[in-house]
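In: sequence and predicted structure, then a few things I'm wondering about:
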Amino acid sequence: MDSKKTTLKPGVDKDYLQTCRDRAMEFALIAGAEMTGLFDGMDESISSEQAAHRLGLDARAVDIVLKALVSLGLFVQQGDRFLLHNTGRRLFQDREDPDFVGSAFRHSVYILQNWMHLSEVLKTGKPVQRERTQARIEAFMRAMDSRLDESVLWVVDQCLQGKVRPMNVLDLGGGPGRYAKAFAKRVDHVVLFDLPEVIDHVVETYEFDTIPTLQTVKGDMMDTLPKGPFQVVFLGDVCHMWSPEQNASLLKRVSRILVAGGIVAIVDFVRGLSRWAPTFAVNMLVNTPGGNTYTLQEYETWLNDAGLTDVSLKLIPGRDSQLILSVKS
């Protein structure tokens with residue numbers, strides 16, 4: 001065996017791995033507390049026995065976990081009683097606080113549960129099979145809705161440069177509609193297209209029926225698309241869900257519902273430009289049958305084959321993802 005010390009990627013060493021382990025344990029601690037409701041109803045100091053009785057949990061386990069959460073600054077201990085600290089309240093209770101993570105945090109928990117099966121995925125090449133429950137849909141929508149408004153507005157502005165009303169825009173797979181709502185303020189008509197269960201959830205949660213320029217349509221983009229025609233088709237965080245073959249096919253179908261001179265806009269983690277792209281590809285590996293992250297050259301090939309030219313890329317301010325624009329010739 002070579003006695004020389006192995007040179008690892010800068011920043012990755014024994015201490016880094018130890019820190020990763022410690023942070024993973026702390027995350028699992030917070031996740032367990034959040035998933036079982038320990039952050040709810042703790043505005044008054046109560047004993048661990050009372051908290052356990054209220055939630056139907058084991059008293060000894062609750063006492064140990066609450067004391068660990070005190071060490072993280074999320075709870076305060078007063079004798080044998082516990083009170084949610086203001087930090088915990090901001091993160092997990094107050095939906096109006098900018099630090100609130102709520103269901104977005106729970107989505108991260110669901111994602112990491114799948115990551116824990118990576119060794120199995122490496123053997124089979126198949127994603128982890130999870131039931132698409134209402135709780136998972138809600139958590140995913142909350143997570144997707146947490147992006148900074150400034151970057152969303154910037155992206156919408158780039159998509160609409162040089163365009164004048166009237167305009168018809170398609171937000172394909174737009175989920176909670178953070179982009180669709182921004183488009184709706186600038187154009188005459190926006191179609192938010194997503195799976196039926198997603199549309200049912202977001203319409204009820206975000207009151208889209210109060211926005212006159214926003215229409216929601218249910219469907220699976222791999223099977224069908226709205227007829228259009230559209231001046232802009234927007235795909236935000238969509239292409240990483242699909243295989244190269246699926247993306248090539250999807251963009252050809254998108255091109256058919258686009259007017260001549262219309263824009264296809266793609267937001268995603270582009271390999272070679274996004275720091276997060278290689279790691280996020282693993283997220284797609286464990287969660288989708290063929291998803292991945294792709295290079296600009298791959299996007300260019302799919303777009304050109306679909307009759308879309310003048311491909312350009314822009315770095316989104318304040319984010320690690322990129323905006324790709326192309327024009328139907």
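Out: Thanks, I have the structure now. Residues are numbered from 1 along each chain as shown.

In: and the strands in the protein?
Out: 46-47, 75-78, 81-84, 168-172, 189-194, 214-218, 230-236, 258-268, 270-271, 294-295, 308-315, 322-328 (DSSP state E).

In: the second one pairs with which strands?
Out: Same thing as strand 75-78. Its sheet considered, strand 75-78 pairs with strand 81-84 (antiparallel) by DSSP bridges.

In: can you list the buried residues in stretch 46-61?
Out: I46, S47, S48, A51, A52, L57 (16 or more other Cβ atoms under 10 Å). (Each C-beta comes from the backbone N, C-alpha and C, glycine too.)

In: let me know the closest of the residues you listed to L325.
Out: The nearest member of those to L325, counting by Cβ to Cβ, is L57 at 51.7 Å.

In: gap between the closest residue to the closest one other than its chain neighbours and D157?
Out: If the residues on either side of it in the chain are set aside, L57 comes closest to T36, at 6.3 Å by Cβ to Cβ, 6 or more residues apart in numbering. Between T36 and D157 the computed distance is 43 Å (Cβ to Cβ, to the nearest Å).

In: the more surrounded of those two?
Out: Higher neighbour count among T36 and D157: T36, with 15 against 11, using other Cβ atoms under 10 Å.

In: got the phi and psi for that one?
Out: phi -100, psi 0 (degrees, to the nearest 10).

In: that one against L55, yeah?
Out: Yes: the criterion here is Cβ atoms under 8 Å, and T36 meets it with L55 at 6.2 Å.

In: how close does G11 get to H240?
Out: Applying Cβ to Cβ, the value for G11 to H240 is 25 Å.

In: so this protein: which segments form each domain?
Out: 1-97, 148-328 (automatic domain parsing).

In: could you dump these into JSON lines with distance to L118 added?
Out: Listed next are these as JSON lines, based on distance: least, Cβ to Cβ, whole Å:
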{"stretch": "domain 1-97", "distance to L118": "14"}
{"stretch": "domain 148-328", "distance to L118": "6"}
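
In: buried deepest among those, which one?
Out: domain 148-328 (a mean of 18; mean count of other Cβ atoms under 10 Å).

In: and it, how far from the chain's centre?
Out: 14 Å (Cα atoms, centre = their mean, to the nearest Å).

In: quick check: mean pLDDT of it?
Out: What domain 148-328 shows for mean pLDDT is 94.

In: contacting residues around V259?
Out: Contact partners of V259, counting by Cβ atoms under 8 Å, 6 or more residues apart in numbering, are G228, P229, F230, Q231, K328.

In: then L235?
Out: L172, G173, V254, V264, A265, I266, V267, D268.

In: now do L83
Out: M42, D43, E44, S45, F75, V76, Q77.

In: quick one: pLDDT of the third one?
Out: Per-residue confidence (pLDDT) for E44: 86.

In: which residues of the protein fall in helices?
Out: With helices called from DSSP state H, the chain shows them at 14-35, 48-55, 59-71, 86-92, 102-115, 118-124, 134-144, 149-160, 178-184, 196-206, 244-256, 277-287, 296-305.

In: against which helices or strands is the second one packed?
Out: Of the remaining helices and strands, those touching helix 48-55 by 3 or more Cβ pairs under 8 Å, 6 or more residues apart in numbering; DSSP states H and E are helix 59-71.

In: put the alpha carbons of the helix it packs on into CSV.
Out: This file holds the C-alpha atoms of helix 59-71, laid out as CSV (Å, rounded to 0.1, in the frame of the first residue of the first chain):
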residue,chain,number,x,y,z
ALA,A,59,-41.7,10.2,27.6
ARG,A,60,-38.1,9.1,28.0
ALA,A,61,-37.4,9.5,24.3
VAL,A,62,-39.0,13.0,24.3
ASP,A,63,-37.0,14.1,27.3
ILE,A,64,-33.7,13.1,25.7
VAL,A,65,-34.6,14.7,22.4
LEU,A,66,-35.8,18.0,23.9
LYS,A,67,-32.6,18.3,25.9
ALA,A,68,-30.6,17.8,22.7
LEU,A,69,-32.7,20.5,21.0
VAL,A,70,-31.9,22.8,23.9
SER,A,71,-28.2,22.3,23.1
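
In: what sits up against it?
Out: With contact meaning Cβ under 8 Å, 6+ apart, helix 59-71 is reached by 29-30, 32-33, 38, 48-49, 51-53, 55, 75-77, 82, 88.

In: with distance to L69 added, can I get the buried residues of stretch 46-61 in CSV?
Out: Formatted as CSV, these follow (distance: Cβ to Cβ, whole Å):
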residue, distance to L69
I46, 14
S47, 15
S48, 11
A51, 11
A52, 14
L57, 14
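
In: all good on my end, thank you.
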